[in-house]
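Colleague: Got a predicted structure plus its sequence, pasted below:
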Amino acid sequence: MGRFAGKTVIVTGAASGIGAAAVRRFLGEGANVVAFDLSGEKLAALARDLPVDRFVTQTGDAANAEDIQATVDLAVDRFGRIDVLINNAGTVTFGDVTETSIEEWNRVMTVNVTGYFLMAKTAMPELRKHKGAIVMTSSLSGLGGDPHLVAYNTSKGAVTNMVRAMAIDHAPDGVRVNAVNPTFTRTGMTEEMQEDTETVAKFVARIPMGRPGEPDDLAKAMLFLASDEAGFITGVNLPVDGGSTASSTQAL
């Protein structure tokens, strides 16, 4: 049945992109999966060809404490345990500090930071019971700055350090906390950017492997970090970036 047979995984932002790829990968490795997303319609589409005995959906806002509690309760009621939390829901807004409204700032920080905090806080008692793992989706934008992304950069920088702090706090509990840090990846969040061939070419020029990331590239890394094979790895922000961070960025 695979590495996660008998284990239960919660995936947020599960209806598309990296989240949907993670759902399919964990199910393929035998896990029970609770898929949490804002879009009930997209969750229903995802569920059509998935095993109903090991898969359940929960519609809600990843920044809403009541929705988060309902998701954790559903996982325990349906499958009896929580072993892995994939904190993946996210949003982005473009602009520098003068162009970003306080409403945009607050929404990005609430979803990308507070939502991750609340989900980890709510799931932690169950994760402690089973010496589980958390994998968060950060970004290369959480390891360095980008033009016109002040809110997103700030939120992902917070996630990067949240991972480190939580890893230290919960290592004695046997709970590991890591993150994947993707480069430009073909997801719904980057759909508009993908339509601009010049922008895509600029990103690809900085990726030594010569292509954008795909959702499954991140999902496979998430499975590794959540698995027993990564049992001595915690507090790591893993670039999944085709070699982008291998460069000093200095032109030759």
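Modeller: Received, thanks. Residues are numbered from 1 along each chain as shown.
Colleague: Please pull out the lowest mean pLDDT helix or strand from this protein.
Modeller: When the helices and strands of the chain are compared on mean pLDDT, DSSP states H and E, helix 191-194 comes out lowest with a mean of 58.
Colleague: now stretch 105-125: mean pLDDT?
Modeller: Computed over stretch 105-125, the mean pLDDT rounds to 97.
Colleague: end to end, how far does that stretch reach?
Modeller: From the first residue to the last, stretch 105-125 extends over 31 Å; the measure is CA to CA, to the nearest Å.
Colleague: Contacts for it, please.
Modeller: Stretch 105-125 has contacts (CB atoms under 8 Å, 6 or more residues apart in numbering) with 10, 12, 62-63, 65, 68-69, 71-72, 82, 85, 87, 89-93, 134, 136, 151-152, 154-156, 158-159, 162, 166, 170, 175, 177. C-beta here means a position set from N, CA and C on the backbone, and glycine is covered the same way.
Colleague: what about 6 Å?
Modeller: Among residues not part of stretch 105-125, those counted as contacts by CB atoms under 6 Å, 6 or more residues apart in numbering are 62-63, 65, 68-69, 72, 82, 85, 87, 90-91, 93, 134, 136, 151, 155, 158.
Colleague: Now, those residues that are in helices?
Modeller: A65, I68, Q69, V72, A151, S155, A158 (DSSP state H).
Colleague: Could you identify the most distant pair in those residues?
Modeller: In these, the most distant members under the criterion CB to CB are V72 and A151, with 27.6 Å between them.
Colleague: so what's A167 up against?
Modeller: Contact partners of A167, counting by CB under 6 Å, 6+ apart, are V177, T234, G235.
Colleague: Wait, the last one touches M162, no?
Modeller: No - the pair G235 and M162 fails to qualify as a contact (CB atoms under 6 Å) at a distance of 10.6 Å.
Colleague: Just the pLDDT for the nearest residue to S139 once chain neighbours are set aside.
Modeller: Spatial nearest neighbour of S139, excluding adjacent residues (CB to CB, 6 or more residues apart in numbering): K156 at 4.3 Å. Each residue has a pLDDT score; the one for K156 is 96.
Colleague: So what's the residue count around K156?
Modeller: Using other CB atoms under 10 Å as the criterion, K156 is surrounded by 28 other residues.
Colleague: Using the three-state scheme, assign P147.
Modeller: Reducing the assignment at P147 to three states with DSSP: H, G, I helix; E, B strand; the rest coil gives coil.
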